[in-house]
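Novice: Sequence and predicted structure below; questions after.
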Amino acid sequence: MTVLNVNGQQHEVDADPRTPLLYVLRDDLKLNAAKFGCGLGQCGACTVLVDHTPVFSCLTPLAAVEGRYVRTVEGLGTIDKPGPVQRAFIEEQSAQCGYCIPGMMMRAQSLLEKNAAPSDAQIREAMAPNLCRCGTQMRILRAVHRAARLMTVEIERPMREAER
Amino acid sequence: MLTRILGGLVIVVAVVFGAFFAWQWRGELPPVTANAASFDPGIVAKGAVLAAVADCAVCHTQAGGKPYAGGFPVKTPFGIVYGTNITPDRDTGIGTWSEAAFRRALREGVGRKGTHFYPAFPYDHFTNISDGDISALYAFLMTREPVHQPNRPTRLSFPLNWRPFAAAWNLLYLRQGPYRPDPGKSAEWNRGAYLVAGAGHCSACHTPRNALGAETKSDRFGGGEAEDWYAPALDAASPAPVPWTVDELYAYLRTGYADQHGFAAGPMQPVVLSLRKVPDADVHAIATFIASISGPRDATARKRQTEGALAFAAQRAVTTTGIAQGGTTGSANTGTVSGATLFAGACASCHHSGGGLPISRPVALGLSTPVNEPDPTNFLRIVLDGIQPPLGHRGPIMPSFSGALTDPQIEALADYVRTQYSRGGRWTNVPAALAKMRQQQTPTMEAP
């Protein structure tokens, strides 16, 4: 049994320690946001966060993440209450086929946690490992900018209200 | 009596100092106005090839900056030296330099106004460049787009920031050129040796440096350091399991990949990229020279080493079924994860030998130079940062594992890969090397 912390919840997983984290998330925990794209760390569709850093879950063995903090799109918000990154991607209509979007959102989330107001160049550099074959890159770029503003607003609004 | 001795000493010191000062003194050469249109296009094209061999652009261009306008930080053990503006801008570049001033800069390491350069600028190599080739380089640079970009001051500590120190360094280490061919060797070998010793300045990275930052002459090509990577030995001590041949080196320098050695990575990537502007014949000449000094001298020994390495690599090659049988050791429950488990889950999808891959196949790990180097630096760099082509260029991609694997996991993996794929014995300094790298800033990609 491997104990796994995903989005703040403890799971006991009965799988070979060499199993890619992606398979455990999708097949054992039924968390289907992260996608299998290439299985070789080339496309980024499987990107999740481990200890706040984006990783390719298709190349991360289960054994490597025991006791570490795994986050997936399911941890960013819900259908009723989407998180700022999810809202921004919806509002900018960034998804065409949508296959790359969960990976894109996780990488954007990690960027914005480290840099609240990234420049265009910084977003391009951070998002470079994730591919989109539909061609929605410009909408994804806009969504990351929008998510940055949403996150700042969400931090600032309660502060302003507290001041009143 | 004592005062007389002291007084005498002061005089002696003053005289020696004065003599040194006079000796190191270089006057200003008169400014000129060069006309870009006056240069012969054929000479400019020849200069373009030499500038690509020298890869001037790498140190004389900052990330995202205009070509040759300077600003790139060259890290040395003594501090940071910034590449200067070598565009023909009259105020901030070399627009007022005559060809004589340019020749003096390359041969003696002295600027037009008489200032000594620091040896981070490899004039100890460029001094080997022939007069005709210096003229061509001059013509090439003077026909570039002038860029107004002031130079950044060097960040060296006292007393090294006193430039005449560089003159003392020259007294010890600078042997002025140009290169003299070896009549006992072929024309191609001599061409290669000339390009390597002069413009190419290969040994600047591939040779260990002494306490004063000079190349150790007795150990030329014995392996050195480049931008926090280990620059492997190119001589008899080459760590490549299969000794380099002319054909393999030519493929490596021409395409960035040699099938018995793998992909160019780290600071060799921009070198290969720059060599694209260099004709086949010159790249072949460089390969001819380097292959002649690399690996065992004796043909029988070379053959034996080649066969042994290929057999070892084939025996250790993983098939996916082999992983299924052999990699089950170690349990995630104990808190320690075995290197074999991590290899199976993180590495084997690409680094296996069975079946096809939709991407460029990596070299068998048993033949990989980083795995077989005495120093784990390059292996750890590649695991942490992956191998990324420069932005806007195609190339092999190994993903970064710096976020996926913890330090103890990378240590276990390094131990496993080293014992499994090399006969060189375990690395002993992995934790320290890894800790040092983790503290360094992660490299950022350059804009195309």
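Specialist: Looks like it came in fine. Values in this document were obtained by computation on a predicted structure and should not be read as measured data.
Novice: contacts and neighbour counts: CA atoms only from here.
Specialist: Noted.
Novice: Which elements pack onto the biggest helix by length in chain B?
Specialist: Looking across chain B with DSSP state H, the single longest helix is helix B:2-24. Helix B:2-24 makes packing contacts with helix B:164-173 when contacts are defined by 3 or more CA pairs under 8 Å, 6 or more residues apart in numbering or on different chains; DSSP states H and E.
Novice: Which positions in the next helix-or-strand element following the helix it packs on come out as buried?
Specialist: Once helix B:164-173 ends, the next helix or strand along the chain (criterion: DSSP states H and E) is helix B:187-197. Across helix B:187-197, burial judged by 16 or more other CA atoms under 10 Å in any protein chain shown covers B:188, B:189, B:190, B:191, B:192, B:193, B:194, B:195, B:196, B:197.
Novice: Same check on stretch A:29-45?
Specialist: The neighbour-count check on stretch A:29-45 (16+ other CA under 10 Å) flags A:31-37, A:39-45 as buried.
Novice: and the buried residues of helix B:187-197 as JSON lines, adding pLDDT and distance to chain A?
Specialist: JSON lines is the format used below for the buried residues of helix B:187-197 (pLDDT from 0 to 100; distance: CA to the nearest CA, whole Å):
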{"residue": "B:188", "pLDDT": "98", "distance to chain A": "41"}
{"residue": "B:189", "pLDDT": "98", "distance to chain A": "41"}
{"residue": "B:190", "pLDDT": "98", "distance to chain A": "43"}
{"residue": "B:191", "pLDDT": "98", "distance to chain A": "41"}
{"residue": "B:192", "pLDDT": "98", "distance to chain A": "38"}
{"residue": "B:193", "pLDDT": "97", "distance to chain A": "39"}
{"residue": "B:194", "pLDDT": "97", "distance to chain A": "39"}
{"residue": "B:195", "pLDDT": "98", "distance to chain A": "36"}
{"residue": "B:196", "pLDDT": "97", "distance to chain A": "35"}
{"residue": "B:197", "pLDDT": "96", "distance to chain A": "37"}
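Novice: re the thing from before, what about chain B: which of the buried residues of stretch A:29-45 touch it?
Specialist: A:39, A:40, A:41, A:42 (CA under 8 Å from any CA of the partner chain).
Novice: Mind picking the one among those residues that's closest to residue A:58?
Specialist: Using CA to CA, residue A:39 is the member of these that sits closest to residue A:58, with 5.4 Å.
Novice: For residue 137, which residues are in contact?
Specialist: You didn't say which chain, so I picked chain A. Shown in contact with residue A:137 (CA atoms under 8 Å, 6 or more residues apart in numbering or on different chains): no residues.
Novice: right idea, wrong chain: chain B
Specialist: Neighbouring residues of residue B:137 by CA under 8 Å, 6+ apart: B:44, B:46, B:47, B:48, B:50, B:51.
Novice: can you check residue A:107 too?
Specialist: Per CA under 8 Å, 6+ apart, neighbours of residue A:107: A:47, A:48, A:49, A:54, A:126, A:127.
Novice: Run a quick neighbour tally on residue B:307.
Specialist: Close neighbours of residue B:307, defined as other CA atoms under 10 Å in any protein chain shown, add up to 14.
Novice: Please report how far it lies from residue A:129.
Specialist: 39 Å (CA to CA, to the nearest Å).
Novice: Closest to chain B out of the ones next to chain B among the buried residues of stretch A:29-45?
Specialist: Nearest to chain B, judged by CA to the nearest CA, of these is residue A:41 at 5.8 Å.
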